[in-house]
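Colleague: what's the 3D shape of this:
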Amino acid sequence: MSAADQTLPAGEIAELDAFGDAMWLEHGLARNTLAGYRSDLALFARWLQRRGTTLRAAHGSDLAAYLAEFSTRSRPASQRRLLSAWRRFYRHLIAQGQLAEDPTRLLDSPLPGQRFPRTLSERQVEDLLAAPDPGTAQGLRDRAMLELLYATGLRVSELVGLQGFNVSLGEGVLKVMGKGSKERLVPLGEVAADWLAAYVRDARPQLLGGRLSDDLFVSRFGSAMSRQMFWRIVKNHAASAGIPGTRISPHTLRHAFATHLINHGADLRVVQMLLGHADISTTQVYTHVARERLKALHARHHPRA
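Modeller: Prediction:
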């Protein structure tokens, strides 16, 4: 039981449990998404409790009042998640015949608050990829991981979770298990495939030192590569490459992958499929990134800008 649940009636806790189970079974929502929805709804239920009402009995005016209060201490992204949690919860109750009217129907979404993802220029990516020393086992592993991340746009959890049987070097594709346990096939590209083949042939056996492992990428101790470990690897190589900024992370390469594809004319739907986004609205942020870059180039180079 979470701290937010502690003062709720048993009936509401059971209602939240049933909602989470339904979202997982019917829609395959990721564990972190479900945990976020659960937290948002439990906090809202406690707020309603102080007003003498419940989740099921809440009116649109209750939701609007809470959102107005919530928006003073939260970011637009948190507000959008709260709205999503509400809409899914109340539509679930309606579908179950437990509610006749949706209290969210008149609510407006909060303003998006243009927060574009941090990315890298193509020159910076080249410098980052060249930073590891491929003459060492660890350097060859790092180069293969960075090349693969930039070539595929994988999430870092997807990258470090890869196992040997997920890779088909002959066909040049990866089988990736993404959010919500959804599988997708992602093309590797020739350059990344060559670096990956070199790593599997030359570096991985050295790192394993005779140990057996299904994990594709392993540490110098032969254990599975972790997200935290790879985050440090990216930070160290970015510093070596002279890339400014303290917020370089594996996700920065995912953003670079998508932005550079769109800059070179890739279709938005294709980028959506490659990234494993369930909703194309999530992918559309990269069109804004590309547009902002074009505006900056125009301002810098056009004589009448």
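Colleague: from here on, contacts and neighbour counts on C-alpha atoms
Modeller: OK.
Colleague: mind listing what the residue lying closest to H277 once chain neighbours are set aside touches?
Modeller: The shortest distance from H277 to any non-neighbouring residue, by C-alpha to C-alpha, 6 or more residues apart in numbering, is to T283 (6.9 Å). By C-alpha atoms under 8 Å, 6 or more residues apart in numbering, the residues touching T283 are L268, V271, Q272, H277.
Colleague: for stretch 185-195, C-alpha coordinates in PDB please.
Modeller: As requested, C-alpha coordinates have been extracted for stretch 185-195 and formatted as PDB (Å, rounded to 0.1, in the frame of the first residue of the first chain):
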ATOM      1  CA  LEU A 185      11.600  -4.900 -35.500                       C
ATOM      2  CA  VAL A 186      14.200  -2.200 -35.900                       C
ATOM      3  CA  PRO A 187      16.700  -2.000 -38.800                       C
ATOM      4  CA  LEU A 188      20.400  -1.800 -37.700                       C
ATOM      5  CA  GLY A 189      22.100  -0.100 -40.700                       C
ATOM      6  CA  GLU A 190      25.400  -1.400 -42.100                       C
ATOM      7  CA  VAL A 191      27.700   0.700 -40.000                       C
ATOM      8  CA  ALA A 192      26.100  -0.300 -36.700                       C
ATOM      9  CA  ALA A 193      25.900  -3.900 -37.800                       C
ATOM     10  CA  ASP A 194      29.600  -4.000 -38.600                       C
ATOM     11  CA  TRP A 195      30.600  -2.500 -35.100                       C
END
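Colleague: and that stretch, how far from the chain's centre?
Modeller: What separates the centre of stretch 185-195 from the centre of its chain is 21 Å, taken as C-alpha atoms, centre = their mean, to the nearest Å.
Colleague: buried ones in it?
Modeller: By neighbour count, with 16 or more other C-alpha atoms under 10 Å as the criterion, the buried positions of stretch 185-195 are V186, P187, L188, A192, A193, W195.
Colleague: next one: stretch 204-223
Modeller: Within stretch 204-223, the residues that qualify as buried are R204, P205, Q206, L207, L208, D215, L216, F217, V218, S219, R220, G222, counting by 16+ other C-alpha under 10 Å.
Colleague: and it, average pLDDT?
Modeller: Per-region confidence: stretch 204-223 scores 94 on mean pLDDT.
Colleague: what is the burial count for the closest residue to D133 other than its chain neighbours?
Modeller: Counting by C-alpha to C-alpha, 6+ apart, the nearest residue to D133 once its immediate chain neighbours are dropped is G139, at 4.6 Å. The tally of other residues near G139 (other C-alpha atoms under 10 Å) stands at 17.
Colleague: need the residues that contact whichever strand or helix holds G139.
Modeller: With elements taken from DSSP states H and E, the one containing G139 is helix 137-152. For helix 137-152, contacts defined as C-alpha under 8 Å, 6+ apart pick out 129-134, 155-156, 159, 186-189, 191-193, 195-196, 198-199, 202-204, 206-207, 217, 219-220, 233-234, 250, 253-254, 256-257, 274-275.
Colleague: in that helix, what counts as buried?
Modeller: Of the residues in helix 137-152, those buried by neighbour count under the rule 16+ other C-alpha under 10 Å are 137-152.
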